[in-house]
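A.B. asks: Structure for this input, please:
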Amino acid sequence: MAAVVLVHGLYHRPEHFAELAERLRTAGMEVVVPELHRGSLSADTAAVQAAIEVLPEPPIVLGHSYGGSVITGVHGAGHLVYLAAFVPDVGESAAGLGGASPQLRDAIVPEPDGSTSLHPGRAIDTLFGDGPEPLAARAVGLLRTQAPGCGRGVPERHSWKDTPSTYVVCARDRAIDPGLQRRMASRCTDVREWQTGHSPFVGRPDLIVELVLELLATRNPPRRNEAGTTPR
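C.D. replies: Numbers count the residues shown, from 1 in each chain. I've put the predicted structure just below:
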């Protein structure tokens, strides 16, 4: 069975991918959505790596936003998908690449314990503004506080250098500048551009399902050997 690992961004939860995950499962795929918020980029990457390693076949691994920094550090993926996501090179972090747009920074609310949250009224327009209102409102309600520092984490390895990858530029994104996305996309094997906002899994999950099915149809993933690693 083909497998897909969905990796969410900052402030998000696995539940943000619920509709997308259900559609992928209906299409016959095994879907894993790890919980991040482990306190650091390295800890988040380890959680996703653990999810990849228990799968029988190298999965498609999709990272959204900060999730791109996470999937950059894994190994054993069959294909990487960067969805409006960061693609760090050596020594780079999401924050160092440009990070949040001014509009997203205006939505960030400092909390007394050093964490941050997103102002609901500003987040709905910045992250989910092109989605149907009830779905966007639900997505905002799922947002959680974020511990500091993850966006400044630097990946220890750079999987896009040895794994096929597709970058999806979200041309109407208000959270990460589409111009920055296009520059990062040049590091990937293939580039797509959708006329969506930052979070198409909320309003247009069909686009992602179609992309995953296309990628599965055009690749023949290698099987892991008896040692549990993927031959290269």
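
A.B. asks: Just the strands from the chain, written as ranges.
C.D. replies: Ranges of strands in the chain, per DSSP state E, are 3-7, 30-32, 60-64, 79-83, 108-110, 116-118, 165-170, 190-194.

A.B. asks: quick one, what contacts the nearest residue in space to G203 that is not next to it in sequence?
C.D. replies: Nearest non-adjacent residue to G203, counting by Cβ to Cβ, 6 or more residues apart in numbering: G131, 3.0 Å away. For every residue, glycine as well, the C-beta is placed using N, CA and C. Counting by Cβ atoms under 8 Å, 6 or more residues apart in numbering, G131 touches 139, 197, 199, 202-204.

A.B. asks: hang on, the earlier thing: compare the strands of the chain and report which one is nearest to P148.
C.D. replies: strand 116-118 (7.1 Å; Cβ to Cβ).

A.B. asks: what about F128, neighbour count?
C.D. replies: If you count neighbours by other Cβ atoms under 10 Å, F128 ends up with 27.

A.B. asks: Apologies, that question was intended for E22.
C.D. replies: Residues near E22, counting by other Cβ under 10 Å: 12.

A.B. asks: ok, now Y167?
C.D. replies: Y167 has 25 nearby residues by other Cβ under 10 Å.

A.B. asks: if I look at the nearest residue to it once chain neighbours are set aside, how far off is R38?
C.D. replies: Nearest non-adjacent residue to Y167, counting by Cβ to Cβ, 6+ apart: A185, 3.6 Å away. Separation of A185 from R38 (Cβ to Cβ, to the nearest Å) stands at 27 Å.

A.B. asks: Wait, F128 touches P200, no?
C.D. replies: No. Using Cβ atoms under 8 Å, F128 is not in contact with P200; the gap is 9.9 Å.

A.B. asks: tell me the pLDDT at the nearest residue to A136 once chain neighbours are set aside?
C.D. replies: Closest residue to A136 apart from its sequence neighbours, by Cβ to Cβ, 6+ apart: F128 at 3.8 Å. With respect to pLDDT, F128 has a value of 97.

A.B. asks: State the distance from F128 to P88.
C.D. replies: 25 Å.

A.B. asks: Could you do R13 as well?
C.D. replies: 23 Å.

A.B. asks: quick one: which of the two has more around it?
C.D. replies: Of the pair R13 and P88, P88 is the one with more neighbours under other Cβ under 10 Å, namely 22 against 16.

A.B. asks: give the contact list for the more buried one.
C.D. replies: Counting by Cβ under 8 Å, 6+ apart, P88 has contacts 68-69, 72, 94, 96-97, 154-155, 158.

A.B. asks: Could you double-check that G91 lies in contact with R152?
C.D. replies: No. In terms of Cβ under 8 Å, G91 does not count as a neighbour of R152; the distance is 12.0 Å.

A.B. asks: quick one: which of those two has more around it?
C.D. replies: R152 (14 against 8).
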